[in-house]
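Engineer: Build me a model from this:
(one chain, ligands or ions: 1)
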Amino acid sequence: MKIDLVQEAKEFITSCYQELNKTQDEINERIHAITKQIQTSGSYEHTPFEIDHGAKMAWRNNNRCIGRLFWDQLHTYDRRHLKTEDEIFEAILEHMEYATNGGRIRPAITIFAPHREHQEIRIWNHQLIRYAGYQLEDGVIGDPASIPFTDQCIELGWEPKYGKFDILPIMIQINNQPPKIFDMPEEAALEVNIRHPEYEWFDDLQLKWHGVPFISDMALEIGGIRYMAAPFNGWYMGTEIGARNLADEGRYNMLPQIASHMGLDTKSSISLWKDKSIVELNIAVLHSFREDGVSIVDHHTAAQQFKKFEEKEAESGRAVTGNWAWLIPPMSPATTHIFHKPYKNEIVKPNYFYQSKLI
Ligand code: ARG
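Structural biologist: Residues are numbered from 1 along each chain as shown. Predicted structure coming up:
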């Protein structure tokens, strides 16, 4: 028998059921049933409320996430029964529409059938909405982080457009069959044009970003069961876009252009041209999302919300684990309380995990 799986299941069922105020009898009964199921079939199935609460616990336990105050508001779509790539794609679109909600973003997760012997569903995309990256002879167009996946899409017959912000198709694989790709319908992906509240020249940069981050390549692990296809979303913190996606040298690398529009001396680092331009880029991101009515949080508010999360967890008698290097925002980190205290980076399950790269 799979002792590890039984052990993992026991631990999950006990804490999940206790949190949901179930009785010790219910816990014992459920563990008994699960143990029998594992003995006869090698695995077991979660009930709908178990995966729902398990997904929430996984969010609460994710050490890198500053937005965990809202863990209890995650909406779960239980899609374990879906069999074909087309059905899976339809379910993804339904999730996207619910989550996007015209800009009032709602955190959600869609859970497809878990990993079993001879059963494996994978979504190849890093996120459901991501911009293509093309390596050309004289440089890169688009998002450099997407180059390998974009190549893969082209190989499977996707038509490259060679623009800076081309939304990639969804790639779904079931078992050992070749992956299938599906074009993203235009109305499915909410996007925000980035403009600046004072600098009119900012429009000339022609920047935009997608409104919702939908992580689609992580595995959700609950009670020893691994859900390899379980895309989830929250809303953006401004710095993810303004201080990383559009700013990193290995991504859209926009700081030199912004600095030169601002007339800053980019020859000398003591002019702090990078700092000045990164602030203006982040002001533009927050301003544009706000004006379009698309949910976004600035890093100061997010840190305050995280503080509240820490307090609430203490009240519930749970220890907060965290990965300091990820929790501090990439801009002005020392202006948040997170910078000034240590966090234990212990891994508590359920949780979301990286899984082997497909490309
Ligand atoms: N940092 C990633 C991005 O820029 C998204 C990660 C998840 N972010 C979130 N706010 N839930 O696309």
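Engineer: Name the residues of stretch 140-148 that are buried.
Structural biologist: In terms of neighbour count (16 or more other CB atoms under 10 Å), stretch 140-148 has its buried residues at 140-147. Glycine gets a C-beta too; all of them are placed from N, C-alpha and C.
Engineer: So which of these are in strands?
Structural biologist: 140-142 (DSSP state E).
Engineer: Can you lay out these as TSV showing pLDDT and distance to the ligand?
Structural biologist: Output for these, formatted as TSV (pLDDT from 0 to 100; distance: CB to the nearest ligand atom, whole Å):
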residue	pLDDT	distance to the ligand
V140	98	18
I141	98	19
G142	98	14
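Engineer: and of these, the nearest to N28?
Structural biologist: N28 has its nearest neighbour among those in G142, at 55.2 Å by CB to CB.
Engineer: What's opposite that closest one in the beta bridge?
Structural biologist: G133 (DSSP bridges).
Engineer: Let me know whether it touches T150 as I believe.
Structural biologist: Yes: using CB atoms under 8 Å, G142 is in contact with T150, at 7.5 Å.
Engineer: Please enumerate the helices of the protein.
Structural biologist: 3-19, 24-41, 48-60, 85-100, 147-155, 238-239, 255-261, 273-292, 299-315, 324-327 (DSSP state H).
Engineer: Quickly list what's touching both of G142 and T150.
Structural biologist: Residues touching both G142 and T150 by CB atoms under 8 Å, 6 or more residues apart in numbering: 132-134.
Engineer: quick one, what contacts T321?
Structural biologist: T321 makes contacts with 61, 63, 343-348, as judged by CB under 8 Å, 6+ apart.
Engineer: Just the buried ones from those?
Structural biologist: With neighbours counted by 16+ other CB under 10 Å, the contacts of T321 contain buried members at 61, 63, 343, 348.
Engineer: Specify the beta-bridge partners of the residue nearest the centre of the chain.
Structural biologist: The centroid of the chain falls nearest to I215 when counting by CA atoms, centre = their mean (3.3 Å). With DSSP bridges applied, I215 shows beta-bridge pairing to Q127, F232.
Engineer: can you check I111 too?
Structural biologist: Per DSSP bridges, the residues bridged to I111 are D78.
Engineer: Could I get the contacting residues of the nearest residue to L207 once chain neighbours are set aside?
Structural biologist: Nearest non-adjacent residue to L207, counting by CB to CB, 6 or more residues apart in numbering: I194, 4.1 Å away. Residues counted as contacts of I194 (CB under 8 Å, 6+ apart) are 202, 205, 207-209, 246, 284-285, 288.
Engineer: And the ligand, is stretch 190-209 touching that?
Structural biologist: No: using CB under 6 Å from any ligand atom, stretch 190-209 stays clear of the ligand, with a minimum separation of 8.4 Å.
Engineer: just the helices of the chain: most buried one?
Structural biologist: Most buried of these by mean neighbour count (mean count of other CB atoms under 10 Å) is helix 238-239; its value is a mean of 26.
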